[in-house]
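Engineer: Can you look at this prediction? I've put the sequence above it.
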Amino acid sequence: MLFRRPSPAPHPPFAALPATQLCVGPGERMLAINVRGTLASPLLPVVCIPGYHRNMTDYAVFASQLVAANQDRPVVLLDLAGRGRSAPLRKAADYSSLVDMEDVLAVIDALGIFRAVFVGQGHGGQVIMAMAAQRPGAIAGAVLIDAGPVSDSRGLVRLRNNLRHIEGLGSARLAREAMRRVLATDYPSADEATLDMLAQRAFRFDLRNRVTPLYDRKLIARLDGFDFDDIFEPQWPLFDALASAELMLMRTQLTDLLRRETFEEMARRREDAVTLTIAGQGSPALLDGADTTKAVVDFLAGMEAGRH
């Protein structure tokens, strides 16, 4: 008699995000994408790029709200390589914003998108800046959230340490408690049910009830060389490459990935940019509030009406 190991149940956060696998390179280079709206629409497409180890679930509510506001607007969600449901890269050294930039360009080329508005959180925003240097004409507008020409080393080290701690916990109970403690720092007003839901965007429990990350662990190995007191050189030329794009700058009040003074300098350099601070949240921004979505919808409408 043959016994089959039961397959893992579908992960709840992915339930409303059916993914198509798109080849962006050699056969194993498959990225997961989710497309809403109508790609043939005259409205500008919106392409959402997650943070460093994050995936498209961070944009699930936001994408639904954008489509509800403009039924025909194309909204593209994607998982960068090694995140969510996209295939991992072979070596830790293969991960970089330049590789991710090339993959995003491959995605929009495959979808026939020549010009779009790109939304990026953290690392995703840095990917957008790299795209602006490579193919500025593709970026009609950019929404940068907790993203700038330099990251705060303190946030990267805290991220690395927290993820390593959670990954090392053998007990599901201990892992859930640790996730709640970590997330409560960034979302102090969230209840336990919300914190558990947010935890599922980065982790799942396997058939043996062990915590399993929804990202390639090699990504975290890339952060091993950082210390709290490291000072990175700002890459202002990459930010300035967005000069021809309409710009919206967002910063969460509690983030430790983008310093306030960096955000203020970005706004100073781009006085035409729309700016917004999201109160009571850290990174990643939840993007589930009507006010936040309306601000982006108004930004898009202003672009298409030629007001920005």
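Structural biologist: Sure thing, it's come through. Being a predicted model, the structure only gives us computed values, none of them experimental.
Engineer: Residue 185 contacts residue 283, doesn't it?
Structural biologist: No: the pair residue 185 / residue 283 is not scored as a contact, 10.7 Å apart, by CB atoms under 8 Å. C-beta coordinates here come from the backbone N, C-alpha and C atoms, glycine included.
Engineer: Compare these two (neighbour count), which wins?
Structural biologist: The residue with the greater number of neighbours, taking residue 185 and residue 283 and applying other CB atoms under 10 Å, is residue 283; the counts read 23 against 12.
Engineer: and that one, which of the three is it?
Structural biologist: Taking DSSP: H, G, I helix; E, B strand; the rest coil as the rule, one finds residue 283 in the coil state.
Engineer: Distance of it relative to residue 265?
Structural biologist: Taken as CB to CB, to the nearest Å, the spacing of residue 283 relative to residue 265 amounts to 19 Å.
Engineer: cool, residue 19 as well?
Structural biologist: As defined by CB to CB, residue 19 lies at a distance of 37 Å from residue 265.
Engineer: Please apply the same query to residue 190.
Structural biologist: When CB to CB is applied, the distance between residue 190 and residue 265 equals 31 Å.
Engineer: again with residue 228
Structural biologist: Spatial separation of residue 228 from residue 265 under the definition CB to CB is 22 Å.
Engineer: got it, and residue 192?
Structural biologist: The spacing between residue 192 and residue 265, counted by CB to CB, is 38 Å.
Engineer: Of those two, which one has the most company?
Structural biologist: When residue 192 is set against residue 265 and neighbours are counted by other CB under 10 Å, the residue ahead is residue 265, at 17 against 12.
Engineer: Please spell out which residues along the helix or strand containing that one are buried.
Structural biologist: Under DSSP states H and E, the secondary-structure element containing residue 265 is helix 260-269. Residues of helix 260-269 classed as buried under the neighbour-count rule (16 or more other CB atoms under 10 Å) are 262, 263, 265, 266, 267.
Engineer: what do you get for stretch 64-74?
Structural biologist: Judged by neighbour count (16+ other CB under 10 Å), stretch 64-74 contains these buried residues: 65, 66, 67, 70, 73, 74.
Engineer: mind listing what the residue lying closest to residue 213 once chain neighbours are set aside touches?
Structural biologist: Across the structure, with CB to CB, 6 or more residues apart in numbering as the measure, the residue nearest residue 213 apart from its sequence neighbours is residue 203 (5.7 Å). For residue 203, the contact set (CB atoms under 8 Å, 6 or more residues apart in numbering) comprises 166, 175, 179, 211, 212, 213, 214.
Engineer: Counting neighbours, which of these end up buried?
Structural biologist: Buried subset of the contacts of residue 203 (neighbour count, 16+ other CB under 10 Å): 166, 175, 179, 211, 213, 214.
Engineer: What pLDDT is listed against the fifth one?
Structural biologist: Spelled out, it's residue 213. You'll see residue 213 listed with a pLDDT of 95.
Engineer: pretty sure it contacts residue 164?
Structural biologist: No: with contacts defined as CB under 8 Å, residue 213 does not count as touching residue 164, sitting 10.3 Å away.
Engineer: distance of the spatially closest residue to residue 187 that is not a sequence neighbour from residue 146?
Structural biologist: For residue 187, ignoring the flanking residues on the chain, the nearest one in space by CB to CB, 6+ apart is residue 281 at 6.1 Å. Using CB to CB, residue 281 is found at 10 Å from residue 146.
Engineer: any chance you could map the strands in the stretch 201-308 of the chain?
Structural biologist: In the stretch 201-308 of the chain, the strands defined using DSSP state E, counting those that start in this stretch lie at 203-205, 211-213, 246-252, 274-278.
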